[in-house]
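1. task: produce atomic coordinates for the following.
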Amino acid sequence: MAQYMDVHHGMKGITADQLMAAHKADLAVEKGEGVHFERAWADPESGTVYCLSEAPSPEAVQRVHELAGHRADEVHPVPYSI
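-> Numbering: from 1, shown residues only. Now for the predicted structure:
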């Protein structure tokens, strides 16, 4: 399965608790799309959130985020990681 990094903009001021709640919302629905969200990062100053996942497609990643209530602004394949 491929890895994807998705990006959410406009989340200025996001707290650690809000990031955890959003991540848990993804985890609650990910299985139905064959996705697994591995990790999430947030910068509350810029309002940018990043999520790393394994998924069959970028569309599957987006469907999970939409079901969880926070559509990604960008979804990028991660062909290499070290």
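2. drop to CA atoms for contacts and neighbour counts, all remaining ones
-> Noted.
3. which element is Glu59 on?
-> According to DSSP states H and E, Glu59 maps onto helix 58-68.
4. what about the strands in this protein?
-> 2-8, 36-43, 48-55, 74-77 (DSSP state E).
5. out of those strands, flag the one nearest Asp17.
-> With respect to Asp17, and counting by C-alpha to C-alpha, the nearest of the strands of the chain is strand 36-43 at 11.1 Å.
6. can you list the strands that the closest one pairs with?
-> Sheet pairing for strand 36-43, assigned by DSSP bridges, gives strand 48-55 (antiparallel).
7. which other residues reach the strand it pairs with?
-> With C-alpha atoms under 8 Å, 6 or more residues apart in numbering as the test, strand 48-55 has contacts from 1-12, 34-43, 61.
8. try 6 Å
-> Strand 48-55 is contacted from outside by 1-9, 35-42, using C-alpha atoms under 6 Å, 6 or more residues apart in numbering.
9. do the same with stretch 28-36
-> Here stretch 28-36 makes contact (C-alpha under 6 Å, 6+ apart) with 53-55, 60, 64.
10. ok, of those, which come out buried?
-> Neighbour-count burial (16 or more other C-alpha atoms under 10 Å) applied to the contacts of stretch 28-36 gives 53-55, 60, 64.
11. and those, which two are furthest apart?
-> Glu54 and Val64 (11.9 Å).
12. coming back round to it: among the contacts of strand 48-55, which ones are buried?
-> 3-8, 35-37, 40, 42.
13. which residue packs closest to Asp26, ignoring adjacent ones?
-> Excluding the flanking residues, the one nearest Asp26 by C-alpha to C-alpha, 6 or more residues apart in numbering is Ala68, at 5.5 Å.
14. shouldn't that neighbour be in contact with Ala25?
-> Yes: in this structure, Ala68 is within contact of Ala25 by C-alpha atoms under 6 Å, at 5.2 Å.
15. Serialize the buried ones among the contacts of stretch 28-36 to TSV and add fields for pLDDT.
-> Formatted as TSV, the buried ones among the contacts of stretch 28-36 follow (pLDDT from 0 to 100):
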residue	pLDDT
Ser53	98
Glu54	98
Ala55	98
Ala60	98
Val64	98
